[in-house]
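Colleague: fold the following.
(chains A and B)
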Amino acid sequence: MPKKLKIVGFLCNWCSYAGADLAGVNRLQYGHEIRVIRVPCSGRVNPLLVLKCFQEGADGVLIAGCHPGDCHYQDGNYYTRRRMHVLRELLDFVGIDRRRLHLRWVSASEGAKWADVVNGVIEDVRAACEDAPDSALSLRAAAGAGDA
Amino acid sequence: MLDELKQQVRELFAGDVGLVIAYGRSRDERTVPVFARKPADADALVWNDRCYYNLTRYLTDRDVMGDGEGKIGIVVKGCDLKTLNVLLAEKQVTRENLAVVALRCKGMKDADGKLLAKCETCTVADPDPALCDCVIGPVPQREPREDDFADVDAIEAMPPAERLAHWSREFERCLRCDACRNICPLCYCRECLASQHDPRWIPASGSATGNRLFHLVRAFHMAGRCTNCGECERVCPVGIPLSTLMRKGARIVRESFGVEPGAAPDQRSPLASFAPNDPDPEEVAIK
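Modeller: Okay, the predicted model is just below:
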């Protein structure tokens, strides 16, 4: 039986959270490995929050926001795009699988895309976990506290 | 060149400068930073191939500066000038409060007399006079070697598991002494998040995971800002190749956003700005 994954999703309030809501209203099925945290903007996601998720035992992190150009605050997602690009490359450089961190754009009307994105991310994180079960940043795993 | 420097420093004191940060000699004959406060102090200044310190580090140090000392003179090499540009761009120092004395530099040498790697590839040995109050010394005649990022490439060529093992071996030696952070001219936060108690982002004591987090966070904060002065690696008591990590960050930012940190005093930090055509995660869609 495959490992039970935990993926944290940071969803912007204006687009992606509404998109995920639409997926729910439309009764679309997608993987339940994702835990959603609603944030005012994808630009609110401090890279430290991503690292904190990994520390606390998350297997993957997904950040979803408005499409470039559509940000409710004009340009929050542009900053996120740069930050997460750098973070992902740095993680990769120190040997932490880049498939564990994703940034995607989901608008309020893209319920179906949200379901696809989640399934795609789960698949990626699962593949990463098969190569290396631990994110290498988890303090819980390091302390041998199990995955309670 | 040294006489010229001393003369220049004396002239600064004749003006409105009350403190000059420069290089001097310690009692055990090492070249160290000195803080000259009167014209006579200029006699003890030195300039040689062991002037490693990036003196701009002290400009943001409140322990040294107090609440400001009026106008400050500072001696910089071409590479330090890049760091000063970042400090100016981030509005940590005010140019009007500085008298910048730049030295044309032939490169620094390590204990074995070998030119430092960063000096081999140096392209700023002759500092831009427009950014300084004065430039001292003969124009160095030296062809810099092209920086091939061989250290970064060597790690990138490893498979992911080996990269992780490599960095784990390096980071597990880390004592968390914070020397790298304290010597860094761009680690000027009054309270570092690595020392914060609530929230505790990074475990305080050394541990494999905590050390990895600490260096990852530092590398992220330095990406697009670090000017590769190499001081972190030089002061590391256990020899962690921190420059390689910093240079990787610099390369990501240069290749992805076309930004060279410290190129100009009005250049915005790449992670505090953006361009509409930045690399997009959906154009390299996940499989």
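
Colleague: contacting residues for the residue of chain B found nearest chain A?
Modeller: Going by Cβ to the nearest Cβ, chain A is nearest to B:L164 of chain B, at 2.8 Å. C-beta: built from backbone N, CA, C; applies to glycine. Going by Cβ atoms under 8 Å, 6 or more residues apart in numbering or on different chains, B:L164 touches A:V94, A:G95, A:I96, A:A132, A:A136.

Colleague: buried ones in the helix or strand encompassing it, by neighbour count?
Modeller: Here B:L164, judged by DSSP states H and E, is contained in helix B:160-171. Buried residues in helix B:160-171, counted by 16 or more other Cβ atoms under 10 Å in any protein chain shown: B:P160, B:R163, B:L164, B:H166, B:W167, B:S168, B:E170, B:F171.

Colleague: tell me which helix or strand comes right after that helix.
Modeller: Immediately after helix B:160-171, counting by DSSP H and E, sits helix B:179-183.

Colleague: hmm, stretch B:173-184 touching chain A?
Modeller: No - using Cβ under 8 Å from any Cβ of the partner chain, stretch B:173-184 stays clear of chain A, coming no nearer than 12.9 Å.

Colleague: all helices of chain A, in order?
Modeller: For chain A, the helices defined by DSSP state H occupy A:16-25, A:47-55, A:76-93, A:111-131, A:139-143.

Colleague: what's the closest of these to B:L175?
Modeller: B:L175 lies closest, by Cβ to Cβ, to one member of these: helix A:139-143, at 18.1 Å.

Colleague: wouldn't B:L45 be in contact with B:P39 here?
Modeller: No - judged on Cβ atoms under 8 Å, B:L45 makes no contact with B:P39 at a distance of 11.4 Å.

Colleague: before we move on, back to that, mind putting the buried residues of helix B:160-171 into a markdown table with pLDDT?
Modeller: As requested, the buried residues of helix B:160-171 are exported to a markdown table (pLDDT from 0 to 100):
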| residue | pLDDT |
| --- | --- |
| B:P160 | 91 |
| B:R163 | 94 |
| B:L164 | 94 |
| B:H166 | 95 |
| B:W167 | 95 |
| B:S168 | 93 |
| B:E170 | 94 |
| B:F171 | 94 |
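
Colleague: so which bits of the top strand by length along chain B are buried?
Modeller: Secondary structure of chain B per DSSP state E: the longest strand is strand B:17-25. By 16+ other Cβ under 10 Å, the buried positions in strand B:17-25 come out as B:V17, B:L19, B:V20, B:I21, B:A22, B:Y23, B:G24.

Colleague: how about B:S26, phi and psi?
Modeller: Dihedral pair for B:S26: phi -90, psi 170, per degrees, to the nearest 10.

Colleague: and whatever residue of chain A ends up closest to chain B, what's its pLDDT?
Modeller: Ranked by Cβ to the nearest Cβ, the top residue of chain A for proximity to chain B is A:G95, at 2.8 Å. According to the prediction, A:G95 has pLDDT 93.

Colleague: export only the CA atoms of stretch B:204-213, formatted as CSV.
Modeller: Extracted in CSV, the C-alpha atoms of stretch B:204-213 (Å, rounded to 0.1, in the frame of the first residue of the first chain):
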residue,chain,number,x,y,z
ALA,B,204,18.5,26.7,17.6
SER,B,205,20.9,23.9,18.3
GLY,B,206,22.8,22.1,15.6
SER,B,207,21.0,19.2,13.9
ALA,B,208,21.2,17.7,10.5
THR,B,209,17.8,19.1,9.5
GLY,B,210,18.1,22.4,11.3
ASN,B,211,21.5,23.1,9.8
ARG,B,212,20.2,22.3,6.3
LEU,B,213,17.3,24.7,6.9
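
Colleague: anything in that stretch near chain A?
Modeller: Yes - Stretch B:204-213 reaches chain A (Cβ under 8 Å from any Cβ) through B:S207, B:A208, B:T209, B:G210, B:R212, B:L213.

Colleague: mind putting the residues you listed into JSON lines with pLDDT?
Modeller: Listed next are those as JSON lines, based on pLDDT from 0 to 100:
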{"residue": "B:S207", "pLDDT": "85"}
{"residue": "B:A208", "pLDDT": "86"}
{"residue": "B:T209", "pLDDT": "88"}
{"residue": "B:G210", "pLDDT": "90"}
{"residue": "B:R212", "pLDDT": "93"}
{"residue": "B:L213", "pLDDT": "93"}
